[in-house]
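*Asks:* predicted coordinates and the sequence they were generated for:
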Amino acid sequence: MSELTLREASRRPDLLAPGHRLCAGCAEPTMARMILKAVRGPTVVTTATGCLEVATTIFPYTAWNLPWIHTAFENAAATASGIEAAWRAMRRRGRGPLSKYETLDVVAFAGDGGTYDIGLQALSGALERGHDFTYVLLDNEAYMNTGIQRSGGTPYAAETTTSPAGSVIPGKREWKKPIEDIVIAHRIPYAATLSPAYPLDVLRKARRAFEADGPAFLHAIVPCSRGWRFPPEKTIAVSRLAVQTCIFPLWECWLEGGRPAYRLSAPSEAIAKRPETKRPVEEYLSIQGRFRHLFQPKRRDDIIRSIQEWVDDRWAQLLEKAGF
Amino acid sequence: MTALERQLLMGLNGDEAAAYAVKQVNPDVVAAYPITPQTIIVERFSEYVANGLVETEFVSVESEHSALSCCIGAAAAGARAFTATSSQGLALMWEMTYIASALRLPIVMAVANRALSAPINIHNDHSDAMGARDSGWIQIWCENSQEVYDACIEAWRMGEHPDVQLPVMVNLDGFTLSHTLENVMTLPDEEVSEFVGERRFMRVRGHLGEADFRLDPENPITMGPLDLPDFYYEHKLQQVEALKAALRAIPEVDDEYHRVSGRRYGFLHPYRLEDAELALIGLGSTMGTVMHVVDELREEGVRAGALKLRVFRPFPEEALKEAIMGIPAVGILDRAISFGAPGGPLYMEVKTTLYEEEERPILVNYIHGLGGRDTTPDLIRAIYKDLDRARARGGAEEKVIYAGVRG
């Protein structure tokens, strides 16, 4: 495995070019650009319907400096399967336009709606079949493209337009679906979490994902200024707090002797070693308008406490898996 | 040796005929999901893969939606891609059928036609493919296993024709064809390879200059972008033009296939229409029964004829008009209902085609055979009799007749 430095990455061309129409403060293009800095060579990208797709390709313009396709919402993994199968067949036969490429990095970008909900079946199928591709979940924790509706990836108590904070129901009533557990249960060769606040970690994991022989899954937290209700200049701060509070810890997972082996990444590993540095989840919640109803007009200690318990419980499970 | 002497006679049911033809074509990717009565196609093809008889990457997907999505990804990457389905499978694919044609991907799909739920029914009618008739695919309808075999070879050339670049659906009646053993003349592998040749690509203006319309790392383009009111309509018009071009391309491909195989089907097959007073138009295996009844009626002195339509999309208006012009009474057999419409799908197309003509035949629509109900020679005779009454009366009493159903 070759490590990519920030200096090298900065010299590589931007495969997602500037000039797209994603919102100011959106973490999606930051994440997509960083991930694509780590490709090994010839690359094909497919993107599920969503913000990233609509805002980067308004015909006749495009921000993609590589071959790119969008087909539908729920099928990014199935579309990627087809691209990978085409390359594999052409390689084997030694003919066809992709036959000359020794490697082809096939990357599928999808949002939380396209992954936790409508695209889960296609994702599971592609993972089970073992296609050699990298699936990137750009998780902004709601259907942002249609105007902030709750998804299976929306956290507990968050306000969205279909889980409004009302006088009776305080936001989303369900906990975030444990997508990584579902994905890792497929025994794929590589899975990892990413935060845009830690670019070197992103580069290294993206490269590992591309190099994995089989399906790789990258789960990126991509804060959405509009949907999470924070000022656009706070995106990286929010991304960092997600890691520092352990609501979104950074780790990677690969197979050892057929079993998943977990390793915490540097920022999360530091917290594991010095538990007193783990910050309360309230710090993360309180800077986002989607959780405002937990603090105003009346402080909801009960809900904040249950979120902290959920974070602590998940973190403890992760520490155990990572050998702490 | 003549074309026919080089061919091998095989006993194949419709599904096997499709699988065997696709084996000979040896596409890059086959992605499919089992569903009765299509399943034999994927079973046979899996055997070809398991025995190393094809170089195809067989993707055993988890749904029909993913089957077509996978074919779309593969075809966009420059591969030849095939899938097969029936009924609910095609219904589940519906979203992707429009995307395959709009992305101008010459995928080939065999559809073993089966009724749509509810109630669930595994037997033949045409509701599945008729539900996809506006999706921008070329639709070929087969009468027997031979036609299935031939169509599953010709389809690649029709869809990949430079002026067309569209997906092709090859329809075969569930069970009646899919599971019925028939004699099929098959070409040698190398003649099929030579006939289909290499896949050709459309040239487009990409953002970096002229490019093949495919996912090419060296000349990248953006496929399937967001298309707003300023361009979407123009792109739809290009699909209209492509289907019009298919009206010219299909006979070209037929001519070439005729040179190889000695067989030619055209858009339609007129049967004893020259002096006919009564004619039935229809699709698929029923037309074999209809032609058999025509022969019997002719023996009895009835001037009956038949017209089998092979290509339903693009709809061959001119060929149809030419074939039935001057026939006083024409019955249209529909094996599907378009609920709430003035008649069955084929009836509406025929009637629309004839509207501008000065001399129009009497038209009667006969809906038949839903959910696999057998369309027997007796039923066809009764239909001809009813049509003759309409002719004698100078018009149909009822425009749409639900034939062979309890009231």
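*Replies:* Cool, got the structure.
*Asks:* low-confidence bits of the stretch 251-400 of chain B, can you list those?
*Replies:* Of all residues in the stretch 251-400 of chain B, none has pLDDT under 70.
*Asks:* nearest to chain A: which residue in it?
*Replies:* The nearest approach of the stretch 251-400 of chain B to chain A comes at B:R313, 21.6 Å away (Cβ to the nearest Cβ). (Each C-beta comes from the backbone N, C-alpha and C, glycine too.)
*Asks:* residues touching that residue, list them.
*Replies:* Neighbour list for B:R313: B:R133, B:W137, B:I138, B:Q139, B:L243 [criterion: Cβ atoms under 8 Å, 6 or more residues apart in numbering or on different chains].
*Asks:* and what of B:T289?
*Replies:* Counting by Cβ under 8 Å, 6+ apart, the residues that B:T289 touches are B:T375, B:T376, B:P377, B:I380.
*Asks:* and the pLDDT for A:V222?
*Replies:* With respect to pLDDT, A:V222 scores 98.
*Asks:* what values do phi and psi take at it?
*Replies:* Phi and psi for A:V222, reported as degrees, to the nearest 10, are phi -130, psi 90.
*Asks:* now do the phi/psi pair for the closest residue to it other than its chain neighbours.
*Replies:* Excluding the flanking residues, the one nearest A:V222 by Cβ to Cβ, 6 or more residues apart in numbering or on different chains is A:A27, at 3.8 Å. A:A27 has phi and psi values of phi -90, psi -10 when expressed as degrees, to the nearest 10.
*Asks:* mind checking which of the contacts of B:R313 land in strands?
*Replies:* Of the contacts of B:R313, the ones assigned to strands by DSSP state E are B:I138, B:Q139.
*Asks:* quick one: which of the contacts of B:R313 is most hemmed in?
*Replies:* For those, the largest number of neighbours (other Cβ atoms under 10 Å in any protein chain shown) sits with B:I138, at 26 neighbours.
*Asks:* ok, it - contacts?
*Replies:* B:I138 is in contact with B:155, B:158-159, B:164, B:166-169, B:243, B:246, B:250, B:311, B:313-314, counting by Cβ under 8 Å, 6+ apart.
*Asks:* keep only those of those residues that are in helices.
*Replies:* B:A155, B:M158, B:G159, B:L243, B:A246, B:I250 (DSSP state H).
*Asks:* ok, back up a step: what is the neighbour count of the residue nearest to A:V222?
*Replies:* Neighbour count for A:A27, taken as other Cβ under 10 Å: 24.
*Asks:* what's near enough to touch the closest residue to A:N140 other than its chain neighbours?
*Replies:* Leaving aside its sequence neighbours, A:N140 sits nearest to A:C224 (Cβ to Cβ, 6+ apart; 4.0 Å). Counting by Cβ under 8 Å, 6+ apart, A:C224 touches A:C23, A:C26, A:A27, A:N140, A:E141, A:A142, A:M144.
*Asks:* sec struct for B:L280, please.
*Replies:* For B:L280, the assignment made with DSSP: H, G, I helix; E, B strand; the rest coil gives strand.
*Asks:* then B:M109?
*Replies:* Following three-state DSSP, the label given to B:M109 is strand.
*Asks:* got a list of what it touches?
*Replies:* For B:M109, the contact set (Cβ under 8 Å, 6+ apart) comprises B:L68, B:C71, B:F82, B:T83, B:A84, B:T85, B:W137, B:P167, B:V168, B:M169, B:V170.
*Asks:* pull out the buried residues from stretch A:198-207.
*Replies:* Going by neighbour count (16 or more other Cβ atoms under 10 Å in any protein chain shown), the buried part of stretch A:198-207 is A:Y198, A:P199, A:D201, A:V202, A:L203, A:R204, A:K205, A:A206, A:R207.
*Asks:* for stretch B:306-321, list every residue counted as buried.
*Replies:* B:306-317, B:319-320.
*Asks:* how far away is the most centrally placed residue in chain B from B:D230?
*Replies:* Centroid check for chain B by Cα atoms, centre = their mean gives B:I140 as the closest residue, at 2.1 Å. Here B:I140 is placed at a distance of 35 Å from B:D230 (Cβ to Cβ, to the nearest Å).
*Asks:* how's chain B carved up into domains?
*Replies:* B:8-202+B:236-261, B:268-402 (automatic domain parsing).
*Asks:* ranking these by burial, who's on top?
*Replies:* domain B:8-202+B:236-261 (a mean of 22; mean count of other Cβ atoms under 10 Å in any protein chain shown).
*Asks:* how distant is it from the center of its chain?
*Replies:* 9 Å (Cα atoms, centre = their mean, to the nearest Å).
*Asks:* flag every residue of the stretch 51-200 of chain B that's near chain A.
*Replies:* The interface of the stretch 51-200 of chain B toward chain A, taken as Cβ under 8 Å from any Cβ of the partner chain, is made up of B:55-57, B:59-63, B:65-66, B:69-79, B:81, B:95-96, B:99, B:103.
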